[in-house]
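In: need a 3D model of the sequence below.
(chains A and B)
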Amino acid sequence: MQLRGICGRRSCTRLGLAAATLALLGSGDAEAADRAPVAVETAVLGYSEPSRVQVLEGVISARSEIREGRVLHGRLVFDVLTGASANGAVPSRSVQTFTRPSGESRYQVAPGDTPLDDGFSDRRFAADLGYDLPLDRCTQLSVGAQGSVETDYLSLGIHASLSRDFFERNTTLGLGVSVNRDRVSPLGGIPTPFAPLPTTTRPRSEDDEGGGLNKTVIDLSAGITQVLGRNTLLRVNYAFDHASGYMTDPYNVISVVAAPSSVAPGTVSDTLHESRPDSRTQHAIYTELKRALGANVADLSYRYAANDWGVHSQTVELRYRQYFGPTFYLQPHGRYYHQTAAGFYSRFLIDASPLPQNASADYRLAEMETSTAGLEVGHELSNGRWMSFAVEYYRQFGIGGPQAAFGALEGLDLYPEVSALTARVGFSGEW
Amino acid sequence: MKDGLRRWFRLRSNLCLWVIPLASLFGGCGHLARVDPWERDVLARTDMTLDSEGVDLELDDHLYFSREATAGGRSFGGGGCGCN
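Out: Have a look, this model is predicted:
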C-alpha cells in the first residue's frame, strides 16, 4: 500500500496512516463495507410577504461515497409561488387598470395603492447532479450538471471545480467554473422595450407560445480556505459573474408621468414595458470566519459585490450556535445588506422627455437596505440524525432612488417597505 | 434628523463591515500555525465544516437572489432561475 503523498512541503504520511487505519477498522464490518452510507439533507421552506408573494419550497439533497474518495451527490428542488407582485408602476390618485402579461385579462388597482399583479403564479423544478473524484491524495476534481424548469424559464448548466490541499491540509486552494444557458419564454411573448402596455385584452394565440430569448451566465470563482488554529477556519473567495442575453424582466413596467411644468404634474399618462442592458458583469469578494468557542460555533461573513449596472453592495452575516447539551442547540442568525441603485433605475419616466437607453422601476434595483433576524432550534433525534426548525423575519427598507415625488405623486408611497416571514423545517442524517 | 441618523448608521455600518473581517483576517494570521492531523478534533466536527448547513444556506441564498440586485460569492452562482 502506498502511504506517502505530498500536500505541500511535508509528506502526508500520517494522513495516509490514519486513512489506512480507518479502512482496516471499517473492513471488520462487512455489512457497512458493502453499502456506503447515504447522507441525506432535506428542508421545507415557507415564505410569506403579507398581501404579496407566498412561496413553498422543498429541497432534498443526498451524497454517498460510491468508491474510495469518489462521491456522487444530487439535489432536487421544487417550489410553488403564488400571490401578488409589484409590477413597477407608481401609485396614482385614480384607479389604474393594467393588462396582465398573458393579454387575456386585466386587473385594477385602487387609488393610492402600490400596483401589484395579483395573478402571479409559477412552479419550479430544479435538479443538480455532481461527482467528486480525487486526482491524487491532495487534489480533488468535482464535475456536475444542473437544470431548472419553470412555466416561462428553462435553465441548463454545467459546473466544475478543482481544489488542492497544501501544508498538510492547512491550506486549500480552489477554482471553479459554472456555465448556464437559460431560455426566457414569458407569457404573452417577449415585450418590445418601452412599448406601451396594451389597454385591451386579446385571446392567447399560438405566436405567444413560440416567443423566447436566451441568456448565458458564466461564473468563475477562486478561493482559499486557511486553518488559523485548532478552532478557527478562514475562507476568502473571489467570484466573477458575467451574464449576457435577455436580461429584462418581461413582466415589469414603468409609469410615465406628466412633467412638473405641465397642467397636471405627476399624473400617470402612460405605462411602458421596461428595458435593461443586455449584459451584466459582477465581481464579489466573500470572506468567512468560522470559530469554535468551546462546544459552540460562531460564523461571521462579509461580502462586497459590485456590477457594471452601478450596483455596489455590502453584506455582513452572523450565525452563532449555542449548545445546551450534546443534542440540542439554539442558533440566532442576523444579516444586514445594503445596495446602491442601478444606474438605469428610475421610479418613473417624465412625459415628453427623451427616452433613456434603459430604464427599470423594479424596486430590487433601487437603493435598498435589508435585514434578517432569525432563530433556529436543532435537536438530535438518534444516531447522528438531526432535525431543525427556524423562523426568520426579513425586511427591505430604505428603498429609494434619485427621483422625488412632485405634483399628484406627493403624499403617495413610491418606495414602500417590504417584509416577509419565513419558516423552515430541516432534517439531516445518514442511512 | 431621521436622514442624518440613517447616514450616520450607514457610515458606521460600512466601517464595521470593512473593519471586522480585516481585523479577523490579520488578527487570525497572528495565530497562524500549522495544525497537525491529530489536532483536528474540533475542525473535524460536522458543525465546523464550511457550508455544513448546505441545504439551509442554499434556500437562504435563493431567497436573497430573488429579492436583491447582487448575489453569489459563497458558492451559489447566479442564473438558473427566472426569479431575478
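
In: which SS class is B:His62?
Out: Secondary structure assignment for B:His62 (DSSP: H, G, I helix; E, B strand; the rest coil): helix.

In: what is the neighbour count of the closest residue to it other than its chain neighbours?
Out: Once its chain neighbours are removed from consideration, B:His62 has its nearest residue in B:Cys81; the separation is 7.1 Å (C-beta to C-beta, 6 or more residues apart in numbering or on different chains). In this view, the C-beta of every residue, glycine as well, is placed from N, C-alpha and C. Per other C-beta atoms under 10 Å in any protein chain shown, the neighbour tally for B:Cys81 reads 19.

In: B:Cys81 contacts B:Leu63, correct?
Out: No. With contact taken as C-beta atoms under 8 Å, B:Cys81 and B:Leu63 are classed as non-touching, separated by 11.0 Å.

In: for B:Asp47, which residues are in contact?
Out: Under the criterion of C-beta atoms under 8 Å, 6 or more residues apart in numbering or on different chains, the neighbours of B:Asp47 are A:297, A:321.

In: residues contacting the strand or helix carrying A:Asp270, please?
Out: A:Asp270 belongs to strand A:268-273 when elements are defined using DSSP states H and E. By C-beta under 8 Å, 6+ apart, the list of residues contacting strand A:268-273 from outside reads A:89-90, A:92, A:96, A:98, A:191-197, A:248, A:250, A:252-258, A:349, A:351.

In: tell me the strands beside the following helix or strand past it, with direction?
Out: Per DSSP H and E, strand A:268-273 leads on to strand A:279-293 as the next helix or strand towards the C-terminus. Listed by DSSP bridges, the sheet partners of strand A:279-293 and their directions read strand A:232-245 (antiparallel), strand A:296-307 (antiparallel).

In: got CSV for these, with mean pLDDT, distance to A:Ser388 and mean neighbour count too?
Out: Rendered in CSV, the data for the strands paired with strand A:279-293 read as follows (pLDDT from 0 to 100; distance: least, C-beta to C-beta, whole Å; neighbours: other C-beta atoms under 10 Å in any protein chain shown):
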stretch, mean pLDDT, distance to A:Ser388, mean neighbour count
strand A:232-245, 96, 22, 19
strand A:296-307, 97, 14, 20
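
In: can you redo the ones you listed as TSV with distance to A:Gln331?
Out: Written out in TSV, the entries for the strands paired with strand A:279-293 read as follows (distance: least, C-beta to C-beta, whole Å):
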stretch	distance to A:Gln331
strand A:232-245	18
strand A:296-307	9
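
In: A:Asp249 and A:Asp362 touch, don't they?
Out: Yes. A contact is recorded between A:Asp249 and A:Asp362 when judged using C-beta under 8 Å, the distance being 6.0 Å.

In: quick one on the thing from earlier: distance of the residue nearest to B:His62 relative to A:Glu41?
Out: 20 Å (C-beta to C-beta, to the nearest Å).

In: with A:Asp308 instead?
Out: Here the criterion is C-beta to C-beta. By it, A:Asp308 lies 36 Å from A:Glu41.

In: in the stretch 101-250 of chain A, which spans are helices?
Out: Chain-ordered helices for the stretch 101-250 of chain A, with DSSP state H, counting those that start in this stretch as the definition, fall at A:206-210.

In: please apply the same query to chain B.
Out: In chain order, chain B shows helices spanning B:2-29, B:54-67, with DSSP state H as the criterion.

In: lowest average pLDDT across those?
Out: Taking the average pLDDT of each of the helices of chain B, the minimum falls on helix B:2-29, with a mean of 52.

In: one step back: as PDB, could you dump the C-alpha coordinates of the strand holding A:Asp270?
Out: As requested, the backbone C-alpha atoms of strand A:268-273 are provided in PDB (Å, rounded to 0.1, in the frame of the first residue of the first chain):
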ATOM      1  CA  VAL A 268     -49.800  59.000 -14.900                       C
ATOM      2  CA  SER A 269     -50.100  59.400 -18.700                       C
ATOM      3  CA  ASP A 270     -48.800  56.000 -19.900                       C
ATOM      4  CA  THR A 271     -47.300  52.700 -18.800                       C
ATOM      5  CA  LEU A 272     -44.400  51.200 -20.700                       C
ATOM      6  CA  HIS A 273     -42.500  47.900 -20.600                       C
END
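
In: how far does it sit from the chain's center?
Out: Computed by C-alpha atoms, centre = their mean, to the nearest Å, the separation of strand A:268-273 from the middle of its chain amounts to 30 Å.

In: same thing with stretch A:350-369?
Out: Centroid separation between stretch A:350-369 and its chain, computed with C-alpha atoms, centre = their mean, is 23 Å.

In: give the buried residues for it.
Out: With burial defined by 16 or more other C-beta atoms under 10 Å in any protein chain shown, the residues of stretch A:350-369 counted as buried are A:350-351, A:358-369.

In: and the end-to-end length of that stretch?
Out: Distance across stretch A:350-369, first residue to last, is 27 Å (C-alpha to C-alpha, to the nearest Å).

In: now swap in stretch B:34-47 and tell me
Out: In terms of C-alpha to C-alpha, the two terminal residues of stretch B:34-47 are separated by 21 Å.

In: count the residues that sit near A:Leu72.
Out: Burial of A:Leu72 is recorded as 18 neighbouring residues (other C-beta under 10 Å).

In: surely it and A:Leu133 touch.
Out: No. Here A:Leu72 lies out of contact with A:Leu133, judged by C-beta under 8 Å, at a distance of 9.8 Å.

In: what residues does stretch A:354-361 touch?
Out: For stretch A:354-361, the external contacting residues (C-beta under 8 Å, 6+ apart) are A:88-90, A:193-194, A:248-249, A:252-255, A:274-277, A:342, A:344-349.

In: strands of the stretch 51-200 of chain A, start to end?
Out: Using DSSP state E, counting those that start in this stretch, the strands assigned to the stretch 51-200 of chain A run over residues A:53-67, A:70-86, A:96-99, A:106-109, A:116-136, A:139-150, A:153-166, A:171-184.

In: next, format these as JSON lines and append distance to A:Glu410.
Out: Putting those into JSON lines (distance: least, C-beta to C-beta, whole Å) gives the following:
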{"stretch": "strand A:53-67", "distance to A:Glu410": "29"}
{"stretch": "strand A:70-86", "distance to A:Glu410": "20"}
{"stretch": "strand A:96-99", "distance to A:Glu410": "17"}
{"stretch": "strand A:106-109", "distance to A:Glu410": "19"}
{"stretch": "strand A:116-136", "distance to A:Glu410": "22"}
{"stretch": "strand A:139-150", "distance to A:Glu410": "39"}
{"stretch": "strand A:153-166", "distance to A:Glu410": "38"}
{"stretch": "strand A:171-184", "distance to A:Glu410": "37"}
